[in-house]
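Participant: dropping the sequence and predicted coords here.
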Amino acid sequence: MAIEFTKYHGLGNDFILIDNRASASPLLTPEKAIEWCDRHFGIGADGVIFALPGKNGADYTMRIFNSDGSEPEMCGNGIRCLAAFLADLEGISRTQDKYHIHTLAGTITPQLTPDGQIKVDMGLPRLLAGEIPTTLGAADAKVINQPLEVDGQTWEVTCVSMGNPHCITFVEDVAAIPLETIGPKFEHHPVFPQRTNTEFIQVVSRDYLKMRVWERGAGITLACGTGACASLVAGVLTGKCDRLATVELPGGCLEIEWSEIDQRIYMTGPADRVFKGTA
C-alpha cells in the first residue's frame, strides 16, 4: 500500500510525517520506519512521526519511531514539525494556532506564532532520579553534579527528564568532544535503565549555551528540543545560566525559558517543510 508522507525539519533534526488521523495505530511498523529513515536506501530521517486521532481530550496524538525503530516518549523538534504539519493538513495559516497533543510524556501544547516560529509548552521538568530514571541517586533525590565514569573518564553530570531521560555534562569546548565514540557509551551506561540522551554543553554566557547531543535511538543529530530544555534546566540547577537563554545547536538556535511564574519549560523555534512524496 502506497503511503503519502511529508518531510519536515526543525533545525536540521528531520522527520517523515504521516497523516494517520484515520487510524489509532501507526501505518508503519518500527521495522519499516528503519527502512524509511535510512539515508542511503530510504527517504532519510531521524525518525517517523504519526499524526493520530486525539485521546484524553487532546486534539491529536503523536507517536514517533526513531531511526533505529525504538519509540521515544516525546521529541521537542518533532512536535514543532507535527504542529506545522497539522496546520498544513488543515489548510490554515501558520499564525496563532494552538494544539493539545497527547504524547507518551503527557499532553504537550505547541502554538504557532505570527512570526513563523512555534512556541511549545513543554510542561514541568522532572528532577528526581526515579522519574528520569537513573540509579545515580536515591529515587527521591535530584541528580546534580554527580560523578559518572564513562570510558575511563569521570564526568560531572546532571540528570533531567522532559518526559524522556537526559544526562547533561558541561565542558570547556563542545567541538572537542568525540561524540561518535563517547555518545553510545553514555546512552547504554547501566545507570540508565531506559538508556539516555546525552547533552554536552559549553557555557558562552549566562544567556547563551552551545550544545551537542547524542540522541537515544538516533545517534548524532543536528538538534534536540527536549535536550535543549533539559540542558537549560541543568544550567539553572548548577548555577551556570539564567532561566531564559538561547541554546545554539549545530542546526541553529532555540530559545528556552524555565518560567519562574508557573515553573514550566517553554521552547521556541522553527519547523520547515522540505518535500512531499509517496512510498
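Facilitator: Arrived safely.
Participant: any low-confidence regions in this protein?
Facilitator: Across the chain, the ranges flagged by pLDDT under 70 are 93-96.
Participant: could you break it into its assigned domains?
Facilitator: The chain breaks down into these domains under the TED database: 4-121+270-278, 129-263.
Participant: quick one: the first one to chain centroid distance?
Facilitator: Centre-to-centre, domain 4-121+270-278 and its host chain are 12 Å apart (C-alpha atoms, centre = their mean, to the nearest Å).
Participant: what does stretch 263-272 give?
Facilitator: Distance of stretch 263-272 from the chain centroid (C-alpha atoms, centre = their mean) equals 11 Å.
Participant: quick one: contacts for the closest residue to His189 other than its chain neighbours?
Facilitator: Excluding its sequence neighbours, the residue lying closest to His189 (C-beta to C-beta, 6 or more residues apart in numbering) is Val150, at 6.3 Å. From N, CA and C alone the C-beta is placed, and that goes for glycine too. Neighbouring residues of Val150 by C-beta atoms under 8 Å, 6 or more residues apart in numbering: 182, 185-186, 189.
Participant: make a PyMOL selection of the buried ones in those residues.
Facilitator: This is the PyMOL syntax for the buried subset of these, where burial follows 16 or more other C-beta atoms under 10 Å:
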select buried, resi 182+186+189
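Participant: and which of the contacts of Val150 is nearest Gln117?
Facilitator: Phe186 (30.7 Å; C-beta to C-beta).
Participant: secondary structure class for the closest one?
Facilitator: What DSSP: H, G, I helix; E, B strand; the rest coil gives for Phe186 is helix.
Participant: and it, what does it touch?
Facilitator: Shown in contact with Phe186 (C-beta under 8 Å, 6+ apart): 150, 167, 192, 196, 198, 214.
Participant: check Thr198 too.
Facilitator: Applying C-beta under 8 Å, 6+ apart, the residues near Thr198 are 166-169, 183, 186-187, 213-214.
Participant: mind listing which of the residues you listed are in strands?
Facilitator: 166-169, 213-214 (DSSP state E).
Participant: most neighbours, which of those?
Facilitator: Neighbour tally across these (other C-beta atoms under 10 Å): the maximum, 32 neighbours, falls on Cys167.
Participant: tell me the contacts of that one?
Facilitator: The contact partners of Cys167, by C-beta under 8 Å, 6+ apart, come to 134, 148, 157-159, 186, 192, 196-199.
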